[in-house]
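Asker: Here is a sequence with its predicted model. Questions after.
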Amino acid sequence: MGSHFKVKKKRVNNMENINIEDILLKTGQIKGFTQICKIDDVMSNIVQKFENDFKTAKGILLIFELSEKTSLFKINDIMGSLQESMNESSEVVFFTNINNDLEENYIKYSIVITGLQY
């Protein structure tokens, strides 16, 4: 799945390895959201809530939690699809975490979008 966007993204498994300040200190308004849903519904949920914000965001932080039985390829597919909706100059950081309290094929995601101008 190719993309013409040059979104800066990092995939890390440890919060200590990323500088969240780079995302949180973007000038402008900030939005955030956390939800648990079926992994097959996550794309429609995110796009429905944030499609317009993704186009103007300067920074986007995405945190995905999933059961260890759920394939990480699902996250790769989600990020590839989301990248098509994002501003090409946005700085995007995402990471994954195992949460065994979640059922298989369910995901908990948190999004922080910064630098919004209205």
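Answerer: Structure received.

Asker: In the protein, mark out all the helices, start to finish.
Answerer: Along the chain, counting by DSSP state H, helices occupy 21-24, 42-56, 73-83.

Asker: Around Ile75, how many other residues sit close by?
Answerer: 21 (other C-beta atoms under 10 Å). Using the backbone N, CA and C atoms, a C-beta is placed for each residue, glycine as well.

Asker: Now do the same contact list for it.
Answerer: Shown in contact with Ile75 (C-beta atoms under 8 Å, 6 or more residues apart in numbering): 64, 66, 94, 96.

Asker: which residues pair with the last one across the strands?
Answerer: By that I understand Thr96. Phe64 (DSSP bridges).

Asker: ok, back up a step: do you know which of the helices of the chain lies nearest Ile36?
Answerer: Closest to Ile36 of these is helix 42-56 (C-beta to C-beta; 9.8 Å).

Asker: Excluding its own residues, what touches the closest one? List them.
Answerer: 31, 33, 35, 37, 60, 78, 81-82, 85-87, 90, 107, 109, 111, 113, 115-117.

Asker: export it as PDB, just CAs?
Answerer: C-alpha atoms of helix 42-56 as PDB (Å, rounded to 0.1, in the frame of the first residue of the first chain):
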ATOM      1  CA  VAL A  42     -11.500   1.500  14.100                       C
ATOM      2  CA  MET A  43     -11.000   3.100  10.700                       C
ATOM      3  CA  SER A  44     -14.500   4.300  10.200                       C
ATOM      4  CA  ASN A  45     -14.700   5.500  13.800                       C
ATOM      5  CA  ILE A  46     -11.500   7.500  13.500                       C
ATOM      6  CA  VAL A  47     -12.200   9.000  10.100                       C
ATOM      7  CA  GLN A  48     -15.800   9.900  11.100                       C
ATOM      8  CA  LYS A  49     -14.500  11.800  14.100                       C
ATOM      9  CA  PHE A  50     -11.200  13.300  12.800                       C
ATOM     10  CA  GLU A  51     -11.100  13.400   9.000                       C
ATOM     11  CA  ASN A  52     -11.200  17.200   8.900                       C
ATOM     12  CA  ASP A  53      -8.800  17.600  11.800                       C
ATOM     13  CA  PHE A  54      -6.300  15.300  10.200                       C
ATOM     14  CA  LYS A  55      -6.000  17.700   7.200                       C
ATOM     15  CA  THR A  56      -4.900  20.700   9.300                       C
END
